[in-house]
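Show me how the following folds:
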Amino acid sequence: MPDARAEFEAVYRRHLPAVSAYLARRVDRADVEDLAADVFAIAWRKRDAVAEGEELPWLYRIASYQVANHRRRLAVRANALALFAAPDAAPAADAAFDGDPELARAWRSLTGSQREVLALVVLDGLPVAEAAIALGVSANAASIRLHRAKRALADALRTAGGDPDAAGERSAAPAT
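Residues are numbered from 1 along each chain as shown. Predicted structure coming up:
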């Protein structure tokens, strides 16, 4: 019987940088270490639930739940303490586009689910099948979401680029 601890340590060492980067794009940098520790603690307890080779998207899925829980805790804390200012947050994903205001504007026009699938595939570099695991959907659904998100981003860029009719023509076309 292989040593479960040694196998898990290998997974930890291999995927900690990617999980930390994923978290750093979504939460304040001061919280990344703690959340990464929580992700791997959960992963250790549920290690039998992951198929070999699917560890990273599985860890991303756990991390997405931890980010959501973390944000809820921050919101509850802010409401309970009646803070006058919102807590500091990590740079939003659209901060990566600060050098291109049109791209940043187009990114912000996307829905949260469109930004998430694009971030997983483009920014995090996951294959669509692994992004599907992270999103909790089928590979086909992830592929469809990615296609629609790319199309929405392209339409938003055309609109931002001064061609407002380009996006309108696409949406006015009959669906097939």
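
most centrally placed residue in the chain?
E116 (4.4 Å; CA atoms, centre = their mean).

Give the rounded mean pLDDT of the host helix or strand of H70.
Using DSSP states H and E, H70 sits within helix 55-81. Across helix 55-81, pLDDT averages out at 88.

roughly how far apart are the residue nearest to the centre of the chain and A131?
9 Å (CB to CB, to the nearest Å). For the C-beta atoms, the positions are set from N, CA and C on the backbone; glycine is no exception.

Within the helices and strands, which one has the residue nearest to the centre of the chain?
If you go by DSSP H and E, E116 is part of helix 112-118.

Flag every buried residue along that helix.
Within helix 112-118, the residues that count as buried by 16 or more other CB atoms under 10 Å are Q114, R115, E116, V117, L118.

which other helices and strands contact it?
Judged by 3 or more CB pairs under 8 Å, 6 or more residues apart in numbering; DSSP states H and E, helix 112-118 is in contact with helix 128-135, helix 139-160.

now these in a markdown table, with distance to A43, mean pLDDT and mean neighbour count?
Shown next, in a markdown table, are the helices and strands packed on helix 112-118 (distance: least, CB to CB, whole Å; pLDDT from 0 to 100; neighbours: other CB atoms under 10 Å):
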| stretch | distance to A43 | mean pLDDT | mean neighbour count |
| --- | --- | --- | --- |
| helix 128-135 | 13 | 91 | 21 |
| helix 139-160 | 21 | 91 | 17 |
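
wait, which of those is closest to V122?
Among the helices and strands packed on helix 112-118, the nearest to V122 by CB to CB is helix 139-160 (9.0 Å).

quick revisit: need the helices and strands packed on helix 112-118 in a markdown table (columns: distance to V27).
Shown next, in a markdown table, are the helices and strands packed on helix 112-118 (distance: least, CB to CB, whole Å):
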| stretch | distance to V27 |
| --- | --- |
| helix 128-135 | 16 |
| helix 139-160 | 22 |
